[in-house]
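Peer 1: need coordinates for the following:
(chains A, B, C and D)
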Protein chains: 4
Amino acid sequence: MPWDDTVFVSAHGRGLKGAVDRIVANDKAAVLTDEKNTPAAIAAELIDRGRDGYTAYLCENLGSAEERIRNTDVAGLLEIKAAPLNVLILIKEYEAGGDEYVPTLGIPDEEFATIKKLITKEEVRVVTLAKLKLRHDMCLWDIGAGSGSVSIEADHLLPNGRIYAVERNEQCLGFIKENLNKFNTRNVTLVASEAPEGLEDLPDPDRVFIGGSGGNLFDILEVIDARLPADGRVVINAITLETLTAATEYFDNAGYNVEVTTINIARTRPLTEYKMFEAYNPVYIIVGVKE
Amino acid sequence: MPWDDTVFVSAHGRGLKGAVDRIVANDKAAVLTDEKNTPAAIAAELIDRGRDGYTAYLCENLGSAEERIRNTDVAGLLEIKAAPLNVLILIKEYEAGGDEYVPTLGIPDEEFATIKKLITKEEVRVVTLAKLKLRHDMCLWDIGAGSGSVSIEADHLLPNGRIYAVERNEQCLGFIKENLNKFNTRNVTLVASEAPEGLEDLPDPDRVFIGGSGGNLFDILEVIDARLPADGRVVINAITLETLTAATEYFDNAGYNVEVTTINIARTRPLTEYKMFEAYNPVYIIVGVKE
Amino acid sequence: MPWDDTVFVSAHGRGLKGAVDRIVANDKAAVLTDEKNTPAAIAAELIDRGRDGYTAYLCENLGSAEERIRNTDVAGLLEIKAAPLNVLILIKEYEAGGDEYVPTLGIPDEEFATIKKLITKEEVRVVTLAKLKLRHDMCLWDIGAGSGSVSIEADHLLPNGRIYAVERNEQCLGFIKENLNKFNTRNVTLVASEAPEGLEDLPDPDRVFIGGSGGNLFDILEVIDARLPADGRVVINAITLETLTAATEYFDNAGYNVEVTTINIARTRPLTEYKMFEAYNPVYIIVGVKE
Amino acid sequence: MPWDDTVFVSAHGRGLKGAVDRIVANDKAAVLTDEKNTPAAIAAELIDRGRDGYTAYLCENLGSAEERIRNTDVAGLLEIKAAPLNVLILIKEYEAGGDEYVPTLGIPDEEFATIKKLITKEEVRVVTLAKLKLRHDMCLWDIGAGSGSVSIEADHLLPNGRIYAVERNEQCLGFIKENLNKFNTRNVTLVASEAPEGLEDLPDPDRVFIGGSGGNLFDILEVIDARLPADGRVVINAITLETLTAATEYFDNAGYNVEVTTINIARTRPLTEYKMFEAYNPVYIIVGVKE
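Peer 2: Presented below is the predicted three-dimensional model:
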């Protein structure tokens, strides 16, 4: 079995939660455990998250006379009192059906807990992500996160980045929590706040997505402009003429390069007798790039 | 500096080319070199590819009395005759401009060598990828690969997968080679052949994308159908009514679930005096899921 | 007052109903009455239709010694026992508001009695009419007439033509009657029948519009093909992939020239706080021209 | 032969040009000639316009002992010295092909002399006309008339109205003249001028269409606003974000009701091997209704 697509995880360095975040986001992990974050503690956390589909190899005292390798599953680890110095190898098991996995891009809308009409639709979501031009280690602000779907998909694209999902609506906050948990995001932090107020304490962004501005678009853009570096990008999804106008005028006045993309999508539904095309409302994706 | 977002690369295991593929696809790599694949050999390959923007730490004889760590750059490695047992740490340097990186999704069309009219446009490309519902370790056939843009973006989404880009046109083959090289894809294999003939020797696919069928759509779908597992997906981009009709009829007859998405996109160009909306021709993305 | 934009109407030739049809479709009419179709009878019919907004000049015994011209309104005509030989001049009065008139093209959707989702929307309707390439004196079959909106707008464009609105659904038939009456169409005949059965007794068409085929598209097209002259046109509005496919395949096989136009429309609503773009489902307008 | 779809034309009242305008716009005309505007003079004008496809009946001295009816064609009329009191009946002849007629709506783009890219496309043109909500006797200003296509189609919808096609570009003026002549418009007056300057001498409009504003949109709208009655309508076709924004902001500030419709159209071409969908650039149709 090839070892170099294995991720190495230091339970000591990351703590229990951080270590498990990283484990579940990969297929093969070699975990350095310690006296506190034992194999059994890690197993308990995995079971707690409903993510126990792993084959486990517990390698104790490697390189010494007491070297011992045991093959078990996650539940089996609960029973084991491991030696203090050990490496826990976890290898994800995939089941036949194949329907339970999360794709690396294009999570279906219906997988998200959400107010149905408010979600950024799958197709628009991925175009939005493409327009953000993310790099693996960037800091992204997701303002008006709604159901968190953009943050959640961005999480795959920012393996070493940080994402801040800012949302003020109570119901949406509940949905985001549910979704972050369901999809085991690694790098998303939920910020329960109005914008621009909640932005103050965040690290400076490389990228900003505004899915909703709650009537504060101008103020939000002012705060962003003060914190965004040169070549930083702001992407705004508009469904009203007012937002389209306000956003492009702001960017024009602030000297940003502006591109507007309109997307009209219609799709048939599977499993219906006739394939009728149903339209989404059009979305304007406005990109402002700071000079 | 955190060590657990470092990839571990065995030059011995992968060979020189494979090791460098993996190095350039990441930001931080710890490379186990050997007597043949020395630090200097790796440095030469990096320079050859025009990818020498790394800070290097050469760690020799770790844990022994002869332990030595040297800090240099890629060119500096050429001069060094390293100890046989060493680890080479390479850390990518990003420059101020930020314009030279490849985003993790949404490579701009103009970055590809291509016949301009034939490229699957950025926005359509990412929706296509979303429709493919890729998982990190899948096998993807990209039939009628054109400029290779779909394969190249899929490469990021299939870190442990295999992609076969099948193309028969000489000019396109040249473009694909140029693009695969430019974007340092890791998992894409170019298959210079007509389809369905060229498909015979490939491993069975989990996913298939057909961007062009050269008049052989029915035969290609027959071959795919024989090799695709249940829940496998075929995605076809159609720009003519004939392809739309032929594809949906095939899937209907073969008992696949079918969904058709039409995408109408228009965009303004940056840096023009007026923001005029220019339309792309509409594309029909047909998804067939095998029951 | 210029007399040559006056229409001349022979009540004797057309009968009472036909004469009033022609009166209400114009702004200025000179009506030759007779002993049966008297000015009072015409006035009664106008009042009955709720169309009494005319200034009337009753000109009796013109050119003779008994010549007499009386100026009154429609209600006033009821009281008058006119001489047998007379010309009745009727001049329409428009009121200030301007909102009650029917435009010569583009009747708003909400003016039609209809099942809301089923109406051919204003914008699609006029493009459909444009694709029909009507000439003033043609014979048009409107199959699956729905609310009759296409027939009603075509009526303006076929001042000397004949239109047959074919519909089988009871509820729709009620709507069509209501709408034909409301808009005072002149040349539309309602055919309460399934197609193709109901087409048998109609005069051969120059143009055919199919808004709905009730699952009989192939049979309907066969009947049309047998009766349509060379250069005749069939226009089909499709909202499902099945209809799009079936229609274009029929035309291709039958040797027609085929053009398909897709229309994606979104519009803001007036009088809302924000101008949100709302999409209509896309429509495919398929034109087949017989060679 | 039914007589009451005949138009009556007084050559004496309208003059030679006006009379012939009305003749060519109809299928059946009864013309009262006079000593100056003789049947031969009318025939000469028809031939001059290349519109000699009529059967002619010259009815001299009707009702008198010298009554005489002669059946001839247009060329034949040149030879005849008619009695001073006569009625000339002209009945249009249609040829088999059917391709040479002008439809009552939806003139194909390629029928207009124009700069190809600048014409308001057939489909957009008819939706624009629908949005204008024309009544037969209105006054329409067509500002930035381009090739005159909107004015020419409106001419059919405004049989008793007046249309002013305002254009400043020399090349366009040439195209408009050519097109007005080709399509024998009756009610269109060409105004060779910049707007808003050229608007001063025109009668107040009921409707205004702005297809181009040459950078003077605000000034043009100010002039229109001063002259447009309540319930008057202004329709603007925008292809840039700047025009869309400027127009809606003007209307919002001036208290108009505003509706914006976006149209995305794609069509296949007839007579090609494959039916490929080709997109038009999207157009925004902005309607402002004065309260």
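Peer 1: what lines up beside the helix-or-strand element of chain A with minimal mean pLDDT in the sheet?
Peer 2: Sorting the helices and strands of chain A by mean pLDDT, DSSP states H and E puts strand A:7-10 at the bottom, at a mean of 79. With DSSP bridges as the test, strand A:7-10 is paired with strand A:28-32 (parallel).
Peer 1: helices and strands around the helix or strand following the partner strand, which ones?
Peer 2: Using DSSP states H and E, the next helix or strand after strand A:28-32 towards the C-terminus is helix A:39-48. Packed against helix A:39-48 by the contact rule (3 or more Cβ pairs under 8 Å, 6 or more residues apart in numbering or on different chains; DSSP states H and E) you find helix A:11-24, strand A:54-60, helix A:74-78, strand A:86-92. In short, each C-beta sits where N, CA and C put it, glycine included.
Peer 1: which stretches in the stretch 51-200 of chain A count as strands?
Peer 2: A:54-60, A:68-73, A:86-92, A:139-143, A:162-167, A:188-192 (DSSP state E, counting those that start in this stretch).
Peer 1: is the last one in proximity to chain B?
Peer 2: Right, strand A:188-192. No - using Cβ under 8 Å from any Cβ of the partner chain, strand A:188-192 never reaches chain B; the gap is at least 15.7 Å.
Peer 1: in that strand, what counts as buried?
Peer 2: For strand A:188-192, the neighbour count (16 or more other Cβ atoms under 10 Å in any protein chain shown) marks A:Val188, A:Leu190, A:Val191 as buried.
Peer 1: which one is A:Thr55 nearest to, not counting chain neighbours?
Peer 2: In this structure, A:Thr55 finds its nearest non-sequential neighbour in A:Ile91, 4.6 Å apart by Cβ to Cβ, 6 or more residues apart in numbering or on different chains.
Peer 1: just the C-alpha atoms of the least confident helix or strand of chain A, please, in CSV.
Peer 2: Presented in CSV, the C-alpha positions along strand A:7-10 are these (Å, rounded to 0.1, in the frame of the first residue of the first chain):
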residue,chain,number,x,y,z
VAL,A,7,-1.6,12.6,5.7
PHE,A,8,0.3,12.8,8.9
VAL,A,9,-1.6,14.1,11.8
SER,A,10,-0.2,15.1,15.2
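Peer 1: what sits up against that strand?
Peer 2: Residues from elsewhere that reach strand A:7-10 (Cβ atoms under 8 Å, 6 or more residues apart in numbering or on different chains): A:19, A:22-23, A:26, A:28-32, B:3-4, B:6, B:8.
Peer 1: next, count neighbours for A:Asn181.
Peer 2: Number of residues near A:Asn181 (other Cβ atoms under 10 Å in any protein chain shown) recorded here: 12.
Peer 1: likewise A:Glu60?
Peer 2: 20.
Peer 1: ok, the residue nearest to it when sequence neighbours are not counted - contacts?
Peer 2: Nearest non-adjacent residue to A:Glu60, counting by Cβ to Cβ, 6+ apart: A:Ala83, 4.0 Å away. Shown in contact with A:Ala83 (Cβ under 8 Å, 6+ apart): A:Glu60, A:Asn61, A:Glu66, A:Arg68.
Peer 1: report how many residues lie close to the last one.
Peer 2: Summarising burial for A:Arg68: neighbours were counted as other Cβ under 10 Å, giving 13.
Peer 1: how much space separates the nearest residue to it once chain neighbours are set aside from D:Glu79?
Peer 2: Closest residue in space to A:Arg68, ignoring its immediate chain neighbours: A:Glu60 at 4.7 Å, by Cβ to Cβ, 6+ apart. Look at A:Glu60 and D:Glu79: by Cβ to Cβ, to the nearest Å, they are 120 Å apart.
Peer 1: again with A:Asn169
Peer 2: Taken as Cβ to Cβ, the span from A:Asn169 to D:Glu79 is 87 Å.
Peer 1: more crowded one of those two?
Peer 2: Just comparing A:Asn169 and D:Glu79: by other Cβ under 10 Å the higher neighbour count belongs to A:Asn169, 18 against 9.
Peer 1: so who does A:Lys290 touch?
Peer 2: A:Asp225, A:Leu228, A:Pro229, A:Ala230, A:Asp231, A:Gly232, A:Arg233, A:Val234, A:Ala254, A:Tyr256.
Peer 1: ok, now with 7 Å
Peer 2: Taking Cβ atoms under 7 Å, 6 or more residues apart in numbering or on different chains, we find A:Lys290 in contact with A:Leu228, A:Ala230, A:Asp231, A:Gly232, A:Tyr256.
Peer 1: just the residues you listed that are near chain B?
Peer 2: A:Asp231 (Cβ under 7 Å from any Cβ of the partner chain).
Peer 1: what is the nearest residue to A:Leu271 once chain neighbours are set aside paired to in the beta sheet?
Peer 2: Excluding the flanking residues, the one nearest A:Leu271 by Cβ to Cβ, 6+ apart is B:Asn257, at 6.4 Å. With DSSP bridges as the criterion, B:Asn257 is bridged to B:Val289.
Peer 1: equivalent analysis for A:Ala238, please.
Peer 2: Bridge pairing for A:Ala238 - DSSP bridges - gives A:Tyr284.
Peer 1: with A:Val9 instead?
Peer 2: Under the criterion used here (DSSP bridges), A:Val9 is bridged to A:Val31.
Peer 1: ok, the closest residue to A:Gly211 other than its chain neighbours - how many residues close by?
Peer 2: Distances taken as Cβ to Cβ, 6+ apart put A:Gly144 closest to A:Gly211, at 4.4 Å, once the chain neighbours are dropped. Using other Cβ under 10 Å, A:Gly144 has 24 other residues around it.
Peer 1: A:Gly144 touches A:Leu217, doesn't it?
Peer 2: No - contact criterion Cβ atoms under 7 Å: A:Gly144 and A:Leu217 do not qualify, at 9.9 Å.
Peer 1: ok, back up a step: turn the helices and strands packed on helix A:39-48 into JSON lines, including mean pLDDT.
Peer 2: Formatted as JSON lines, these follow (pLDDT from 0 to 100):
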{"stretch": "helix A:11-24", "mean pLDDT": "84"}
{"stretch": "strand A:54-60", "mean pLDDT": "89"}
{"stretch": "helix A:74-78", "mean pLDDT": "92"}
{"stretch": "strand A:86-92", "mean pLDDT": "86"}
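Peer 1: which parts of the stretch 101-250 of chain A sit against chain B?
Peer 2: Residues of the stretch 101-250 of chain A lying near chain B (Cβ under 7 Å from any Cβ): A:101, A:103-106, A:122-123, A:126-127, A:129-131, A:133-137, A:157, A:160, A:231.
Peer 1: same list, these, but only the ones touching chain D.
Peer 2: Okay, of those, nothing touches chain D (Cβ under 7 Å from any Cβ).
Peer 1: outline the domain layout of chain A.
Peer 2: Split into domains by automatic domain parsing, chain A comes to A:7-92, A:109-289.
Peer 1: and those domains, which is most packed in?
Peer 2: domain A:109-289 (a mean of 20; mean count of other Cβ atoms under 10 Å in any protein chain shown).
Peer 1: of the buried residues of strand A:188-192, closest to chain C?
Peer 2: Chain C lies nearest to A:Val191 out of the buried residues of strand A:188-192, by Cβ to the nearest Cβ, at 25.8 Å.
Peer 1: list the contacts for the closest one?
Peer 2: Here A:Val191 is in contact with A:Tyr164, A:Ala165, A:Val166, A:Gly198, A:Leu202 (Cβ under 7 Å, 6+ apart).
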